[in-house]
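Visitor: Fold the following and give me the result.
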Amino acid sequence: MKNKLLLSIALGFGFVSLSFSQFIAHELGVTVGTVSFQSDYGERGDFKSTSNNIGYNIGLVYYIDFSWIPLYSLEYIEDHFKLKGEISYTNVKFEHHGRWVEGNSTFAQQLRAMHGSTSIINFGIEAVWFPLSIKESRYQYPGTLNPYLSFGPQYNHYSPSVKSDLGPIGSKFTTPDKFITGHTNQAGETLSLVGSIGTRFKLDTRSDFIVDFRAQYYFSDWVDGLNPNSDVYPENKKNDFLVGISVGYIYSFD
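Guide: The predicted structure follows:
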């Protein structure tokens, strides 16, 4: 699945680039940021879980600017939309937080002893909408803002790790009952949807500084390595989800 998706993305960008190469402006950039992962570690919505189960994201982004294409009847699309391709890497470390880890019960001690992490390789395409004119933004002064919204799918290859300080994970002596069969250290694949809101800061005629706020919903509950039976533990029925903020640099080759 991984190789087929990568080939499809490459062929898609190649076809578009070859078909409209004389009209398309290309942009390349790098981003780096922090993410907060909402998972089966801790309570969903708990402040400590949200603020402590965090990680980082590093990405390479590629934009196709259609504003040079004479679409005529689709003038709004060419002047307000770009197509974005992204390859990125995400890494997050996990611990249990919240009221369930308090006290000296066996359950609380086992939760406190659990640690985990996941690393995710992401590939995706997003449609990026700029409410302000893309053509006019080329002639703006340095420091000018150009906000945007974006949305699109991603393919994600994840590699989770679940451990316990008490001993091998999966034993009733080291692992809470709900996670004995509800954990994995096996890599997997899933799809996700990504939505972003952000802005570009004009540096010069070819360069932009970018600030991006992201939300990402995975179509799997195994990305963090934990997935208790939702019929028995309804508090863990939701799939994994993250929010994050990134900054980056974009260079235009038009």
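
Visitor: by contact count, what packs against the helix or strand containing G85?
Guide: Assigned by DSSP states H and E, G85 belongs to strand 81-95. Contact here means 3 or more CB pairs under 8 Å, 6 or more residues apart in numbering; DSSP states H and E; on that basis strand 81-95 packs against helix 2-19, strand 25-38, strand 54-65, strand 114-129, strand 145-164. Where you see a C-beta, it was placed from the backbone N, CA and C, and this is true even at glycine.

Visitor: Report the beta-bridge partner residues of E95.
Guide: Counting by DSSP bridges, E95 is bridged to H115.

Visitor: Was I right to think it contacts M114?
Guide: Yes. With contact defined as CB atoms under 8 Å, E95 reaches M114; the gap is 7.3 Å.

Visitor: that older thread, rank the helices and strands packed on strand 81-95 by pLDDT, which is bottom?
Guide: Across the helices and strands packed on strand 81-95, helix 2-19 has the smallest mean pLDDT, namely a mean of 51.

Visitor: In contact with the spatially most central residue of the chain: list those residues for me.
Guide: The centroid of the chain falls nearest to Q216 when counting by CA atoms, centre = their mean (5.2 Å). If you count contacts by CB atoms under 8 Å, 6 or more residues apart in numbering, Q216 has them with 154, 192-195, 241-244.

Visitor: before we move on, back to that, got the angle between the strand holding G85 and strand 54-65?
Guide: Orientation of strand 81-95 against strand 54-65 (axes from the mean of the first three to the mean of the last three CA atoms, to 10 degrees) gives an angle of 170 degrees.

Visitor: And strand 81-95, what's buried?
Guide: Across strand 81-95, burial judged by 16 or more other CB atoms under 10 Å covers 81-88, 90, 92-95.

Visitor: Please apply the same query to stretch 171-183.
Guide: By neighbour count on 16+ other CB under 10 Å, the buried set for stretch 171-183 is 174-176, 178-179, 182-183.

Visitor: for stretch 237-246, same thing?
Guide: Of the residues in stretch 237-246, 239-242, 244, 246 count as buried by neighbour count, 16+ other CB under 10 Å.

Visitor: and what of stretch 199-208?
Guide: Of the residues in stretch 199-208, 200, 202, 207-208 count as buried by neighbour count, 16+ other CB under 10 Å.

Visitor: tell me how far it is from the chain's mean position?
Guide: Its chain's C-alpha centre and that of stretch 199-208 lie 23 Å apart, by CA atoms, centre = their mean, to the nearest Å.

Visitor: picking that back up, wait, which of the buried residues of stretch 237-246 is closest to P168?
Guide: Taking CB to CB as the measure, P168 sits nearest to D240 out of those, at 24.3 Å.

Visitor: can you tell me which residues contact the closest one?
Guide: 37-40, 218, 220-224.

Visitor: make it 7 Å
Guide: D240 sits next to 37-39, 218, 220-221, 223-224 when contact means CB atoms under 7 Å, 6 or more residues apart in numbering.

Visitor: quick one: it from Y249, how far?
Guide: Noted for D240: a distance of 29 Å to Y249, by CB to CB, to the nearest Å.

Visitor: give me the element V211 is part of.
Guide: In this assignment (DSSP H and E), V211 forms part of strand 207-218.

Visitor: Tell me which entries of the buried residues of stretch 237-246 lie within strands.
Guide: Judged by DSSP state E, the subset of the buried residues of stretch 237-246 located in strands is 241-242, 244, 246.

Visitor: Any chance of the residues you listed in CSV with distance to S105 and pLDDT as columns?
Guide: Listed next are these as CSV, based on distance: CB to CB, whole Å; pLDDT from 0 to 100:
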residue, distance to S105, pLDDT
F241, 29, 92
L242, 30, 94
G244, 34, 96
S246, 40, 97
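
Visitor: I appreciate the help and will end here.
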